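In: What follows is a protein structure lacking sequence information:
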């Protein structure tokens, strides 16, 4: 990967260096392009690009791309007195270098910017030093791709005014395919079955919820990842047929159908710098159940705080189970559920909003 990402960054700068009209700003993402700000400001071959502002966006500070000084020769020639701009913990650290050298630093949500001040895999002090040039800007979603009024993957498209009939038609179709009860609330999880998403806890969470609800809920899972988690999720189908099912794998069309037909979407993440699934869910009138972390904290407000979602504080079997219980109580109040569905479908999480914030940043 070191060779691959170095080659990509050098090729990109070589290409830009040949442009007759230079860009107004160069925007880099994560460690994969993290050495570009350093090379523009310090490498002899790119000194004529040093006046161009650079922006770094951190999507996940846990991954930093560090490598040993024995590979320093991969970089174009520069004044070795500037090596401190590359160094972090006695290695070349592309993400750390970008934080030092970029003119501006952003994260993919305001709350994630706060979180990495105390949990950034060793970069906490550096991020604190550079906080003055750092900003949190929430990611957006494509409102044309994720549009329940025009989505060709749905059983029935629907708008805000037809949300109840639309969601019922899509829920009924899902229940027919996966042998679930159309009259019961449908809880779902969509995503990678990995620890960051809290997926290792899902088998216990779902087993407990199904046992305690005494057949009053449905659960449907779509995802893939850790084989052990996949096996345990599949195993539950043998004990709770008609109330639970799982599709192990990736299926884009099915994900759209689930967002449209589900009543609740679970996101018990341990780490979620931004999160997009909760935004898709809101767009389709599905109420999110999320942990208060990262972008989930910025996009979902608990019903107890006058909001529209169900929030919990810990990624634990008990905490998520309690949140599911609160969601069930909400489901029994169908008047409130209908009000929430209509409201959340009006929320704007489009890229238009996020893009304007980036334009404002570029012009600072």
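Out: Arrived safely. Keep in mind it's a predicted model, so treat the numbers as computed, not measured. Residues are numbered from 1 along each chain as shown.
In: Model confidence for the most centrally placed residue in the chain, exactly?
Out: Nearest to the mean C-alpha position of the chain, counting by C-alpha atoms, centre = their mean, stands residue 275 at 2.4 Å. Listed pLDDT for residue 275 reads 96.
In: backbone phi and psi for residue 224, please?
Out: phi -150, psi 160 (degrees, to the nearest 10).
In: Revised request: answer the last question for residue 135.
Out: phi -140, psi 150.
In: contacting residues for it?
Out: Applying C-beta atoms under 8 Å, 6 or more residues apart in numbering, we find residue 135 in contact with 104-107, 113, 361. Glycine gets a C-beta too; all of them are placed from N, C-alpha and C.
In: can you check residue 102 too?
Out: Contacts of residue 102 by C-beta under 8 Å, 6+ apart are 28, 37, 54-56, 133.
In: Mind giving me the packing neighbours of the lowest-mean-pLDDT helix or strand in the chain?
Out: Ranked by mean pLDDT, DSSP states H and E, the helix or strand of the chain with the weakest confidence is helix 351-362, at a mean of 93. Secondary-structure packing of helix 351-362 (3 or more C-beta pairs under 8 Å, 6 or more residues apart in numbering; DSSP states H and E): strand 104-107.
In: What is the strand it packs on packed up against?
Out: Packed next to strand 104-107, using 3+ C-beta pairs under 8 Å, 6+ apart, are strand 54-58, strand 134-136, helix 351-362.
In: 6 Å instead, please
Out: On a contact count with 3 or more C-beta pairs under 6 Å, 6 or more residues apart in numbering; DSSP states H and E, strand 104-107 meets strand 54-58, strand 134-136.
In: Past the first one, which element shows up next along the chain?
Out: I take that to be strand 54-58. Sequence-wise, the next helix or strand downstream of strand 54-58 (DSSP states H and E) is strand 87-88.
In: Contacts for that following strand, please.
Out: Applying C-beta atoms under 6 Å, 6 or more residues apart in numbering, the external contacts of strand 87-88 come out as residue 96.
In: try 8 Å this time
Out: 64, 66, 93, 96-97, 122-123, 126.
In: Put together CSV for those, with distance to residue 338, secondary structure and pLDDT on each row.
Out: Converted to CSV, the contacts of strand 87-88 look like this (distance: C-beta to C-beta, whole Å; DSSP: H, G, I helix; E, B strand; the rest coil; pLDDT from 0 to 100):
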residue, distance to residue 338, secondary structure, pLDDT
64, 46, coil, 97
66, 51, coil, 96
93, 51, coil, 98
96, 50, helix, 98
97, 52, helix, 98
122, 48, coil, 95
123, 46, coil, 97
126, 48, helix, 97
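In: Could you turn the buried ones of those residues into a ChimeraX selection?
Out: The ChimeraX command for the buried members of the contacts of strand 87-88 (criterion: 16 or more other C-beta atoms under 10 Å) is given here:
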select :64,66,93,96,97,123,126
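In: Could you measure from residue 13 over to residue 19?
Out: 11 Å (C-beta to C-beta, to the nearest Å).
In: okay, those two: which has more neighbours?
Out: residue 13 (20 against 9; other C-beta atoms under 10 Å).
In: Now the more buried one: which helix or strand?
Out: In the assignment (DSSP H and E), residue 13 maps to helix 2-17.
In: Could you list every helix and strand in contact with that helix?
Out: Looks like helix 2-17 contacts helix 36-42 (3+ C-beta pairs under 8 Å, 6+ apart).
In: what about the helix it packs on, average pLDDT?
Out: Regarding helix 36-42, the rounded mean pLDDT is 97.
In: which residues sit against that helix?
Out: 9-10, 12-13, 26, 28, 45-46, 49-50, 52, 54, 56, 75-76, 78-79, 82, 85-86, 97-98, 100-103.
In: from the chain's centre, how far out does that helix sit?
Out: 29 Å (C-alpha atoms, centre = their mean, to the nearest Å).
In: what's the answer for stretch 254-268, then?
Out: 15 Å.
In: Compute the first-to-last residue distance for that stretch.
Out: One end of stretch 254-268 to the other measures 21 Å (C-alpha to C-alpha, to the nearest Å).
In: so for it, what's the average pLDDT?
Out: So the average pLDDT for stretch 254-268 ends up being 98.
In: Not including adjacent chain positions, what is the nearest residue to residue 170?
Out: Leaving aside its sequence neighbours, residue 170 sits nearest to residue 261 (C-beta to C-beta, 6 or more residues apart in numbering; 3.5 Å).
In: how much space between that neighbour and residue 190?
Out: 12 Å.
In: neighbour count winner among the two?
Out: Each of residue 261 and residue 190 has its neighbours counted (other C-beta under 10 Å); residue 261 has more, 27 against 22.
In: can you list the domains in the protein?
Out: Listed by automatic domain parsing, the domain ranges of the chain are 2-140+356-362, 160-348.
In: With respect to residue 154, which of these lies nearest?
Out: Across these, residue 154 has its closest neighbour in domain 160-348 (5.0 Å, C-beta to C-beta).
In: How many residues are close by the residue nearest to residue 130 when sequence neighbours are not counted?
Out: Distance criterion C-beta to C-beta, 6+ apart; nearest residue to residue 130, sequence neighbours excluded, is residue 99 at 5.4 Å. Neighbourhood size, residue 99 [other C-beta under 10 Å]: 25.
In: helix/strand/coil for residue 99?
Out: The three-state assignment at residue 99 reads helix, by DSSP: H, G, I helix; E, B strand; the rest coil.
In: and residue 92, what does it touch?
Out: So residue 92 contacts 66-69, 71-72, 86 (C-beta under 8 Å, 6+ apart).
In: Would you list the phi and psi of residue 265?
Out: According to degrees, to the nearest 10, residue 265 has phi -120, psi 130.
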